[in-house]
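I'd like to go over a predicted model; first the sequence, then the structure.
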Amino acid sequence: MSTNPELIRLCKVWDRLVGELFRMELYSDEDFEALKCKMEGDEAELRVGSAPGHLTRVNLRDGSLEYYDEDEVVNEAVKKLMEDRAKAKCEFMVEEAEGEEYVYGVRCEDVKDLEGAFKVLAFTTSMDIRMGDPSEWYGPKFEKLDGECKIEDPAEREVCAVNKLLKKLEERLK
Amino acid sequence: MDELIRRAKRLEEQGRKIAFERERPISATDEDWLRKVIYATINIGSSLEELAAEEYYKWITFIVYVRRAAEELEKVATYHRWTKRMDAKVDERTKRVMKEMDNSYRIATGKERCTWLLNVIEPYTFSAAVNDLTACFHKAIEKMEEVGKEWAVEGRCIWRR
């Protein structure tokens, strides 16, 4: 089935942003190498990192998105960003194993701003390692974020960083 | 993908030349060519896998056997260095792998075989085996070309046309 042209456009938006973020040295080389977005019909599958299974499925037909990640803090940030930027209804994907529940990603429905969603996806790459050592990635004084977003909570800090960077880069990508 | 196909076609041409020049002795050129065929099949196989592993799995298996045949022939080339290509007999193990290559081609396409000379001429020599390997490698390239028309690649975006 041939690919929906709108999906191709969205992929190119993601691709350009990925290029910018790599140039800003916000990705690990290993993660950057693994990135790709494969599309067929109304569906896209994006590899957003080098870890096996670190991917996202987007369905244009029903406006849904599934982001797979086992890092709880990253999932928290992604859920918040998708709700804010993609105007979507999101929930954690939870599985029960041996009596315990664990989160394995975020599922969003009714995604109203798909371009916003694809932009957020560009930031999910290496998000876990940026969260772990923010001064290494954003600069000791958060120079890459103009000194802003020095927040203790890693998920909130990353949400702030994404919003700040997107504002900067959207001008450049116009 | 286009570059991969271009390089593979150059290798195919070289293969035909090696097979044709039967009187020449096996040298480093032959081993070098076989090594390049091995790398090319690895790249073709992973490209197909990346695009649609489930859809192309029979072809991926065939391409693995083309690679395996090239690996075995590389050993033959090393063993028979400086022997004329037309005089260097191919061992049974290599012939078995080439037979498997034919089988996997039949499974992928429903056609009888991709080799021409295996089990047809005896003794089966290095030049005959290179001829057969090249013929099967050609089938892999043809498939890659066909797949290349179905898919488009731009930057990190890959889509079915």
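Arrived safely.

For the rest of this, base every contact and every neighbour count on C-alpha atoms.
OK.

By mean pLDDT, which helix or strand of chain B comes out lowest?
Lowest by mean pLDDT, DSSP states H and E among the helices and strands of chain B is strand B:151-154, with a mean of 90.

list the helices and strands the helix or strand following it packs on?
As assigned by DSSP states H and E, the chain's next helix or strand after strand B:151-154 is strand B:157-160. If you count contacts as 3 or more CA pairs under 8 Å, 6 or more residues apart in numbering or on different chains; DSSP states H and E, strand B:157-160 packs onto helix A:5-23, strand A:36-40, strand B:151-154.

What strands line up against the last one, and which way round?
Its sheet considered, strand B:151-154 pairs with strand B:157-160 (antiparallel) by DSSP bridges.

Quick check: residues of chain A near chain B?
A:1-3, A:8, A:11-12, A:15, A:35-41 (CA under 8 Å from any CA of the partner chain).

The same query, at a cut-off of 10 Å, please.
A:1-5, A:7-12, A:14-16, A:18-19, A:33-41, A:43-47 (CA under 10 Å from any CA of the partner chain).

quick one on the thing from earlier: got the contact list for the least confident helix or strand of chain B?
A:2-3, A:8, A:11-12, A:15, A:37-40, B:1-2, B:51, B:158-161 (CA atoms under 10 Å, 6 or more residues apart in numbering or on different chains).

I'd guess residue A:44 is in a helix, am I close?
No - using DSSP: H, G, I helix; E, B strand; the rest coil, the assignment for residue A:44 is strand, not a helix.

Which residue is the nearest non-sequential neighbour of it?
Take residue A:44 and drop its neighbours on the chain: the residue closest to it by CA to CA, 6 or more residues apart in numbering or on different chains is residue A:58, 5.1 Å away.

Run the chain-centre distance for the one helix or strand that neighbour maps to.
In the assignment (DSSP H and E), residue A:58 maps to strand A:55-59. On the basis of CA atoms, centre = their mean, to the nearest Å, strand A:55-59 is displaced by 11 Å from the centre of the chain it belongs to.

the inter-axis angle of it versus helix A:5-23?
Angle, strand A:55-59 to helix A:5-23, by axes from the mean of the first three to the mean of the last three CA atoms, to 10 degrees: 150 degrees.

circling back: what's the least confident stretch among the helices and strands packed on strand B:157-160?
Mean pLDDT values for those show the minimum at strand B:151-154, a mean of 90.

Just the CA trace of that one, in PDB.
Extracted in PDB, the C-alpha atoms of strand B:151-154 (Å, rounded to 0.1, in the frame of the first residue of the first chain):
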ATOM      1  CA  TRP B 151      10.600   1.900  -1.700                       C
ATOM      2  CA  ALA B 152      11.900   5.400  -1.500                       C
ATOM      3  CA  VAL B 153      14.600   6.600   0.900                       C
ATOM      4  CA  GLU B 154      15.300  10.200   1.800                       C
END
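
Just the buried residues of it, please?
Across strand B:151-154, burial judged by 16 or more other CA atoms under 10 Å in any protein chain shown covers residue B:151.

And the strands in chain A?
A:36-40, A:43-47, A:55-59, A:64-68, A:89-97, A:100-109 (DSSP state E).

what about the longest one, average pLDDT?
Put plainly, it is strand A:100-109. On average, strand A:100-109 scores 95.

What helices and strands are in contact with that strand?
When contacts are defined as 3 or more CA pairs under 10 Å, 6 or more residues apart in numbering or on different chains; DSSP states H and E, strand A:100-109 packs onto strand A:55-59, strand A:64-68, helix A:72-85, strand A:89-97.

contacts for the second one?
The reference is to strand A:64-68. Residues outside strand A:64-68 that contact it (CA under 10 Å, 6+ apart) are A:43-48, A:53-59, A:75, A:78-79, A:82, A:88-93, A:103-112, A:114, A:117, A:121, A:124.
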